[in-house]
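S.K.: Next input, structure requested:
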Amino acid sequence: MALLVRVCSSVVYVLCWPLLLMHAVGLGRVYKRLFPFCLCHISAMYKGKMYDRKKELFRSLPEFNNRGGKLTILEIGCGTGTNFEFYPPGCKVICTDPNPHFQKYLDKSMSENEHLTYDGFVVASGEDMGSVADGSVDVVVCTLVLCSVNNIQQTLNETHRVLRPGGAFFFLEHVAADASTWTHFFQQVLQPAFFYLFDGCNVTRSTWKHLEAAGFSEVKLRHIEAPLFFLIKPHIVGYAVK
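M.R.: Here you go, the predicted model:
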């Protein structure tokens with residue numbers, strides 16, 4: 001089976017050479033501008049199918065506002081802001097994303113969610129949020145982001161750093177399927193295409209292992225099957241407490 005995976009993924013990699021060449025000659029920067037437009041439509045579809053899951057997950061957010069005043073949420077890889085409507089009224093939101101071209105989509109989402117206070121948009125990757133002070137936020141949110149960060153462990157280290165003691169990291173991520181399934185086989189074979197088409201997305205990550213080893217005092221994590229395309233059906237959802 002391993003040999004078949006290598007052969008098939010090599011074929012897919014060769015077919016992706018035009019995309020690789022685009023990145024090599026600098027056309028990847030053009031794609032960075034186009035990706036927010038594409039993600040806007042993908043995110044709307046995803047939210048429609050996962051609405052109840054998101055609503056259930058974010059229902060627990062107010063539990064972590066134990067300092068009084070406004071609940072402060074930092075969202076890593078905020079994208080187009082499709083999570084905003086699930087946040088409780090009156091909370092303060094700090095938005096981060098490495099792609100600055102999401103700004104106009106964020107502005108639209110912010111105008112549609114006036115129940116929140118926004119503390120700006122920081123152009124930063126999850127691995128390097130140096131502009132956010134230690135222990136300064138109550139909650140960090142990350143949905144469909146850990147699949148594309150360069151270093152999951154460093155992203156979780158940064159998350160741990162910016163959370164106050166007792167704060168929580170909320171996550172909803174697609175992950176690798178069980179190794180004995182055909183889904184896992186096709187995830188490995190088609191990974192090169194996903195990487196280039198979806199801005200570095202990796203569908204073969206066992207993200208839950210990183211979360212369980214990240215040093216949180218408590219991890220509430222569930223594996224679920226999302227009502228989506230079979231390659232991204234396997235998901236994890238939950239939160240981890242610092």
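S.K.: what's the pLDDT at the residue nearest in space to the middle of the chain?
M.R.: The centre of the chain sits closest to Val145, judged by Cα atoms, centre = their mean, with a distance of 1.9 Å. In this model, Val145 is scored at 96, pLDDT.
S.K.: which residues touch the nearest residue to it once chain neighbours are set aside?
M.R.: Spatial nearest neighbour of Val145, excluding adjacent residues (Cβ to Cβ, 6 or more residues apart in numbering): Gly77 at 3.5 Å. C-beta here means a position set from N, CA and C on the backbone, and glycine is covered the same way. Contacts for Gly77 (Cβ atoms under 8 Å, 6 or more residues apart in numbering) come out as Thr96, Asp97, Pro98, Gly126, Cys142, Thr143, Leu144, Val145, Ser148, Val149.
S.K.: just Leu190 next, same as before
M.R.: Ser9, Val12, Val203, Leu231.
S.K.: Spell out the secondary structure type for the first one.
M.R.: Under DSSP: H, G, I helix; E, B strand; the rest coil, Ser9 falls in the helix class.
S.K.: Could you check how far the residue nearest to it when sequence neighbours are not counted is from Phe169?
M.R.: Leaving aside its sequence neighbours, Ser9 sits nearest to Val189 (Cβ to Cβ, 6+ apart; 4.9 Å). Using Cβ to Cβ, to the nearest Å, Val189 is found at 32 Å from Phe169.
S.K.: Same question for Gly79.
M.R.: Distance from Gly79 to Phe169, counting by Cβ to Cβ: 18 Å.
S.K.: which of the residues in the longest helix seen in the chain are buried?
M.R.: For the chain, the helix that runs over the most residues, judged by DSSP state H, is helix 28-58. Under the neighbour-count criterion of 16 or more other Cβ atoms under 10 Å, helix 28-58 has Phe35, Pro36, Leu39, Cys40, Ser43, Tyr46, Lys47, Met50, Arg53, Lys54, Leu57, Phe58 buried.
S.K.: strand partners of the longest strand that the chain contains, parallel vs antiparallel please.
M.R.: In terms of residue count, the longest strand belonging to the chain (DSSP state E) is strand 163-174. Paired neighbours of strand 163-174 in the sheet (DSSP bridges): strand 137-143 (parallel), strand 234-241 (antiparallel).
S.K.: out of the ones you listed, deepest packed?
M.R.: strand 137-143 (a mean of 26; mean count of other Cβ atoms under 10 Å).
S.K.: returning to what we had before: spatially, which two of the contacts of Gly77 are the most separated?
M.R.: Based on Cβ to Cβ, the longest span within these runs between Pro98 and Thr143 and measures 15.5 Å.
S.K.: Buried ones only from the contacts of Leu190, please, as a ChimeraX command.
M.R.: Here is the ChimeraX command that selects the buried residues among the contacts of Leu190 (16+ other Cβ under 10 Å):
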select :9,203,231
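S.K.: any idea how far the nearest residue to Trp208 once chain neighbours are set aside lies from Leu116?
M.R.: Spatial nearest neighbour of Trp208, chain neighbours left out: Ile236 (5.0 Å); criterion: Cβ to Cβ, 6+ apart. Ile236 is 26 Å from Leu116, where distance means Cβ to Cβ.
S.K.: before we move on, back to that, between Val189 and Phe169, which one's more packed in?
M.R.: Phe169 (24 against 20; other Cβ atoms under 10 Å).
S.K.: List the beta-bridge partners for that one.
M.R.: Counting by DSSP bridges, the residues bridging with Phe169 are Val140, Ala240.
S.K.: pLDDT wise, what is Val162 at?
M.R.: Predicted confidence (pLDDT) for Val162: 97.
S.K.: This completes my enquiry, with thanks.
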